[in-house]
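1. Sequence first, predicted model second:
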Amino acid sequence: MPAFDGLILKQIPFKESSKILHVYTAEGMKSVLVHGAKKFGSPYLSSSENLNLVRFQAVGKDMLTLTDADLIEESPHLRRVRQRDERHPDVGEHQHHGELAVRGGRRGRPGIRGGIFR
């Protein structure tokens, strides 16, 4: 099957490590099965996220099975998250909020060490 470009609108988990992607293309909606997309070392991990514009190569009739994918344009939201993580490589988003709660909260609100949890 020839390559086609599509915008990923929705992901559905499939089995343990795969995803079914609902992709909007020039020909209409297509469903693409991506084997191993949730594995850490998968080459399709970043290119199978919502709102990414991707060039797909897939085989099949109704349910296409991915054979290759190239990221054309990353979602603006993912780009902002990635840039934020590059500025603070040692502190993830969840770690940062957890540290604020232990240190004493935000804007004068009590955290775990102060106020109502003492």
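-> Sure, I can see it.
2. Poorly predicted segments of this protein, please.
-> 1, 78-79, 82, 85-118 (pLDDT under 70).
3. And the helices in it?
-> Taking DSSP state H to define them, one finds helices in the chain at 76-87, 93-103.
4. For the chain, just list every one of the strands.
-> With DSSP state E as the criterion, the chain has strands at 4-14, 18-25, 28-34, 53-59, 63-73.
5. Which stretch among those strands is buried most, on average?
-> Of all the strands of the chain, strand 18-25 carries the top mean neighbour count, a mean of 19, counting by mean count of other Cβ atoms under 10 Å. The C-beta positions use only the backbone N, C-alpha and C, and glycine is treated the same way.
6. Could you name the helices and strands sitting against it?
-> Contact partners of strand 18-25 among helices and strands, from 3 or more Cβ pairs under 8 Å, 6 or more residues apart in numbering; DSSP states H and E: strand 4-14, strand 28-34.
7. Reformat those as a markdown table; add distance to Leu45.
-> Putting the helices and strands packed on strand 18-25 into a markdown table (distance: least, Cβ to Cβ, whole Å) gives the following:
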| stretch | distance to Leu45 |
| --- | --- |
| strand 4-14 | 12 |
| strand 28-34 | 10 |
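8. Lys10 and His22 touch, don't they?
-> Yes - counting by Cβ atoms under 8 Å, Lys10 does reach His22; the two are 4.1 Å apart.
9. Please point out which parts of stretch 32-43 sit buried.
-> By neighbour count on 16 or more other Cβ atoms under 10 Å, the buried set for stretch 32-43 is 32-34, 36-38, 42.
10. Now for Val23: which residues touch it?
-> Going by Cβ atoms under 8 Å, 6 or more residues apart in numbering, Val23 touches 6-9, 29-32, 54, 56.
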